[in-house]
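In: Sequence unavailable; structure follows:
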């Protein structure tokens with residue numbers, strides 16, 4: 001679906017309201033390339049979705065540019081606090097915006113922050129105040145909440161393993177409570 005192409009949730013809701021449920025072939029090929037900064041030229045029959053293939057990424061790029069301008073961009077601190085989203089999370093992932101926790105021995109759960117990084121280098125700090133397995137990391141908007149398990153996410157676990165696309169490798173020391 002459109003999520004897998006990197007289309008932002010706000011645009012997905014709008015196109016779903018228009019009755020679009022799946023991308024056409026030309027949209028599936030063009031949208032990720034355009035969002036990735038590539039040059040695209042497409043020739044297809046009338047009604048094949050060419051306009052959507054170019055307009056959706058254009059709208060998203062303009063939105064991201066305006067958002068970046070209003071929030072600042074580049075390296076360094078973001079203006080204003082970055083909190084854990086109360087909405088963009090799995091039900092097992094409990095947060096008040098500052099602290100988060102999940103208590104399930106059989107499944108990972110996760111959530112996203114209220115601000116996304118689209119360009120530059122940004123750093124975050126995590127403090128563990130409880131025992132148990134943990135994993136921190138980052139994902140694209142289309143990535144799984146269980147970071148490190150798909151190609152859109154990267155995770156760093158308390159066991160000293162990093163993960164990407166469900167492939168694990170050593171990265172350093174373990175971490176846990178009070179780290």
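Out: That came through, no problem. In this text, all values refer to a predicted model and were calculated from it rather than measured experimentally.
In: Any stretches of the chain with poor pLDDT?
Out: Applying pLDDT under 70 to the chain flags the ranges 67-81, 117-124, 179.
In: Check which element follows the lengthiest helix in the chain along the chain.
Out: Longest helix of the chain, by residue count under DSSP state H: helix 50-71. Sequence-wise, the next helix or strand downstream of helix 50-71 (DSSP states H and E) is strand 84-89.
In: Which residue ranges of this structure form strands?
Out: Here the chain has its strands, by DSSP state E, at 84-89, 94-95, 100-101, 111-113, 135-139, 153-157, 161-164, 167-170.
In: Reformat the ones you listed into a markdown table and put mean neighbour count and distance to residue 27 next to each item.
Out: Yep, even glycine has a C-beta here, placed from its N, CA and C like the rest. Shown next, in a markdown table, are the strands of the chain (neighbours: other Cβ atoms under 10 Å; distance: least, Cβ to Cβ, whole Å):
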| stretch | mean neighbour count | distance to residue 27 |
| --- | --- | --- |
| strand 84-89 | 14 | 24 |
| strand 94-95 | 15 | 34 |
| strand 100-101 | 15 | 35 |
| strand 111-113 | 17 | 25 |
| strand 135-139 | 18 | 23 |
| strand 153-157 | 20 | 24 |
| strand 161-164 | 18 | 27 |
| strand 167-170 | 10 | 30 |
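In: neighbours of residue 20, just the number please.
Out: Close neighbours of residue 20, defined as other Cβ atoms under 10 Å, add up to 17.
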